[in-house]
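Undergrad: build me a structure from this.
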Amino acid sequence: MKAVIQRVTRASVEVNGEVVGRIDAGLLVLLGVEKEDNDADAEYIADKLTELRIFSDANGKMNRSIVDIGGKLLIVSQFTLLGDTTKGRRPGFDRAAPPEHALALYERVVAIGRNRGMHVETGRFGAHMRVSLENDGPVTFLLESRAEISRKSQVPPGESEEAHREDTEKS
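TA: Coordinates of the predicted model:
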């Protein structure tokens, strides 16, 4: 999965002129699902969304999570995040999951957030949407579950990621 997350003071999504999701302070999440993605990817993304400390504390440092500030999530499906623009002039979408698989994992991320007590709004899967936002900072991050899950699975049990990285670099 790929997710572009933006810290916002407000965000909304419209379908055919109707607002289908709206939040105040929180995160706007644009979420793309790849063919190979599974529940572990959904768990990884949901964990990051709820635990990533990207909101300012009293000293102005990014030290608080969305849970800490009582923020909201607006999660919008966006398969174009998986577009390959390296060849030709038209993006290729071979890596994007088929709609039924993408919908199930998109809904899984939404459900995990809600199960953790988060206020989660959504766009409308597969629809043409208009997304509006007021980025706070601006603060924007790219999350990629596949890369992180793959990297973490290569770290031997009992060894820190940093020690593993140092050992790998020496080889």
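Undergrad: tell me the average confidence for the lengthiest helix in the chain?
TA: Longest helix of the chain, by residue count under DSSP state H: helix 99-115. Helix 99-115 shows a mean pLDDT of 98.
Undergrad: then stretch 55-72?
TA: 96.
Undergrad: helix or strand right after the helix or strand harbouring Leu28?
TA: For Leu28, the element it lies in under DSSP states H and E is strand 26-32. For strand 26-32, the following helix or strand on the C-terminal side (DSSP H and E) is helix 39-51.
Undergrad: neighbouring contacts of that following helix?
TA: 1, 3, 5, 27, 29, 31, 33-34, 65-67, 73, 105, 108-109, 112-113, 116, 118, 143, 145-146, 148-149 (Cβ atoms under 8 Å, 6 or more residues apart in numbering). Just so you know, the C-beta spots here come from the backbone N, C-alpha and C atoms, and that holds for glycine as well.
Undergrad: okay, helices next: where are they in this structure?
TA: Per DSSP H, the chain carries helices over the ranges 39-51, 66-69, 99-115, 145-153, 161-170.
Undergrad: ok, residues contacting the shortest one?
TA: When you say that, I think you mean helix 66-69. For helix 66-69, the surrounding residues in contact (Cβ under 8 Å, 6+ apart) are 25-27, 49-53, 55, 72-73, 116-118.
Undergrad: now with 6 Å?
TA: Contact with helix 66-69 is made by Gly26, Leu27, Thr50, Phe55, as judged by Cβ atoms under 6 Å, 6 or more residues apart in numbering.
Undergrad: show me what contacts the first one?
TA: Okay, so that is Gly26. Gly26 is in contact with Ile66, Gly71, Lys72, Leu73, counting by Cβ under 6 Å, 6+ apart.
Undergrad: what about it, distance to Phe55?
TA: 9 Å (Cβ to Cβ, to the nearest Å).
Undergrad: output the lowest mean pLDDT helix or strand found in the protein.
TA: helix 161-170 (a mean of 52; mean pLDDT, DSSP states H and E).
Undergrad: and Leu30, what is it in contact with?
TA: Neighbour list for Leu30: Val4, Val76, Gln78 [criterion: Cβ under 6 Å, 6+ apart].
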